[in-house]
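Chemist: just need the structure, nothing else, for what follows:
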Amino acid sequence: MNVSLKTPVSREGARKLKAGDIVKITGIIYTARDAAHKRMLENREKGFPMEIKDCCIYFAGPSPTKPGDAVGSIGPTTSYRMDKYSPEMIKYGETIMIGKGKRSFEVIEAMKKYGCVYIGAIGGAGALLASHVLECETIAYEDLGAEAIHRLYVKDFPGIVVIDAEGNNLYETEPEKYRRN
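Modeler: Below you'll find the predicted structure:
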């Protein structure tokens, strides 16, 4: 199914998405990789640098921006690097994660418990994905360089729901279909 998503996305909205849905996201998403996740959780008593409730976090760090562009190439980072942080981020309110690669059992259990989905972005297509970013602003941890947290305004940012809030997981179901053929 093709789905147009507007951020922020509530837990109820995330639960409506199903593995295999093709999505186009419009609105605010945030970039954060492992160093930013670690720092956010270490300092959570002081508050998060963005509204965490119903937010979408893209596991990415933009390349340097060319003049006239909103952002440089911005492909997804391998998501398992965030697995030790994601269950807690989901508990605090994150409803959408965007990245590439498999997720741990603990992450999937948190997704099911709280209502969160994992959307796959195409690795190696960072320049294409950057064309959907209309604005980019560094909002926290500038000292981390590309791993700083950036607020992106995106339009029709493409992805596919790889793991839904029920735990349906394309990384498990789709290879089996090919083995049977």
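
Chemist: now the protein, which segments are flagged as low pLDDT?
Modeler: Using pLDDT under 70 as the threshold, the predicted model of the chain has low-confidence ranges 180-181.

Chemist: could you point out the longest strand of it?
Modeler: The single longest strand within the chain, with elements called by DSSP state E, is strand 149-163.

Chemist: which is the next helix or strand following that one?
Modeler: helix 170-180 (DSSP states H and E).

Chemist: in the chain, which spans are strands?
Modeler: For the chain, the strands defined by DSSP E occupy 2-6, 22-31, 56-58, 96-99, 117-120, 133-140, 149-163.

Chemist: for the third one, name the packing helices and strands.
Modeler: In this case it means strand 56-58. Helices and strands touching strand 56-58, by 3 or more Cβ pairs under 8 Å, 6 or more residues apart in numbering; DSSP states H and E, are strand 22-31, strand 96-99. Yep, even glycine has a C-beta here, placed from its N, CA and C like the rest.

Chemist: the residue nearest to residue 83 when sequence neighbours are not counted: neighbour count?
Modeler: Spatial nearest neighbour of residue 83, excluding adjacent residues (Cβ to Cβ, 6 or more residues apart in numbering): residue 104 at 4.3 Å. By the measure other Cβ atoms under 10 Å, the count of residues near residue 104 is 15.

Chemist: surely residue 104 touches residue 80?
Modeler: Yes - contact between residue 104 and residue 80 holds when scored by Cβ atoms under 8 Å: they sit 6.8 Å apart.

Chemist: on that earlier part again, check the gap between the residue nearest to residue 83 and residue 110 for me.
Modeler: With the distance defined as Cβ to Cβ, to the nearest Å, residue 104 ends up 10 Å from residue 110.

Chemist: ok, back up a step: make a markdown table out of the strands of the chain and add mean neighbour count and distance to residue 85.
Modeler: Supplementary listing: those in a markdown table, determined by neighbours: other Cβ atoms under 10 Å; distance: least, Cβ to Cβ, whole Å:
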| stretch | mean neighbour count | distance to residue 85 |
| --- | --- | --- |
| strand 2-6 | 13 | 23 |
| strand 22-31 | 20 | 14 |
| strand 56-58 | 26 | 10 |
| strand 96-99 | 26 | 11 |
| strand 117-120 | 26 | 14 |
| strand 133-140 | 16 | 15 |
| strand 149-163 | 21 | 13 |
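
Chemist: now these as CSV including distance to residue 14?
Modeler: Supplementary listing: the strands of the chain in CSV, determined by distance: least, Cβ to Cβ, whole Å:
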stretch, distance to residue 14
strand 2-6, 9
strand 22-31, 11
strand 56-58, 10
strand 96-99, 6
strand 117-120, 5
strand 133-140, 22
strand 149-163, 9
